[in-house]
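Q: the sequence and its predicted three-dimensional model are supplied below.
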Amino acid sequence: MRRSEPPGSAGDRHWRGSARLAVSCSLLFFALSLLVDWDAGSLTPLRALLWATLSGTVCTVLLPQRVSAGPGWLAVRTPWRRRIVRTDALSAVRQYGGVSSHLVLRDIYGHRLELDPRILAANPLLWHELDTGVRRSVERGTLRHGVEVLDRLGRHIDEETVQEVLRASGLS
């Protein structure tokens, strides 16, 4: 089995489970659609193809982003494209709230990506790679907007980690 990430990179450890759930939901949708259509007596090959297409669309919509990071870079892969930013050359970081909070990272080369900050909270290795790159950006003076956003996110991740350790040890 080939790795899709370069050696030494960190990836989202929960992605496979989420992808499995997306595929399972789309297969269940396909099976139930065929069953209902067959029971109604209106199932034809063309309608089966329609249900298969709709199920594929459901899978594509539910499939989560695949986030990976390495020394100096962070990548987000969707079914349509792959976006990469240089974390050691970030120029701006913004966090947008609302129904689904997301981070927008921009580097000095004009690259941009968006990701859910919960992915960073659930994957300490990804957060470490991003944090290391951010520190280099601050040292080099390229990161001018968003340091406070990452500080706030770092404190939040640290608090969650402490709570998890206390729960696991039975002290909470």
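A: Thanks, I have it. Numbering: from 1, shown residues only.
Q: now stretch 51-65: average pLDDT?
A: Averaging pLDDT along stretch 51-65 yields 93.
Q: oh, I was asking about stretch 29-43
A: For stretch 29-43, the per-residue pLDDT averages 94.
Q: for stretch 148-156, same thing?
A: The model assigns stretch 148-156 a mean pLDDT of 88.
Q: contacts for it, please.
A: 93, 94, 95, 103, 117, 120, 121, 127, 130, 131, 134 (CB atoms under 8 Å, 6 or more residues apart in numbering). Quick note: C-beta positions are derived from backbone N, CA and C, even for glycine.
Q: and it, how far from the chain's centre?
A: 18 Å (CA atoms, centre = their mean, to the nearest Å).
Q: same check on stretch 108-115?
A: 15 Å.
Q: list the buried residues of it.
A: 108, 111, 113, 115 (16 or more other CB atoms under 10 Å).
Q: so the last one bridges to which residues?
A: Applying DSSP bridges to residue 115 yields these beta-bridge partners: residue 103.
Q: surely it touches residue 67?
A: Yes: in this structure residue 115 lies within contact range of residue 67 using CB atoms under 8 Å: 5.8 Å.
Q: which neighbours do these two share?
A: 74, 76.
Q: how near is the spatially most central residue of the chain to residue 22?
A: For the chain, residue 65 is the residue whose C-alpha lies nearest the centre (CA atoms, centre = their mean; 4.0 Å). Using CB to CB, to the nearest Å, we find residue 65 at a distance of 11 Å from residue 22.
Q: go on, residue 103?
A: 22 Å.
Q: in the lengthiest helix in the chain, which residues are buried?
A: If you go by DSSP state H, the chain has its longest helix at helix 15-40. Using 16+ other CB under 10 Å as the burial criterion, the residues of helix 15-40 that qualify are 15, 18, 19, 22, 26, 29, 30, 33, 34, 37.
Q: for the second one, which non-adjacent residue is spatially closest?
A: When you say that, I think you mean residue 18. residue 64 (4.4 Å; CB to CB, 6 or more residues apart in numbering).
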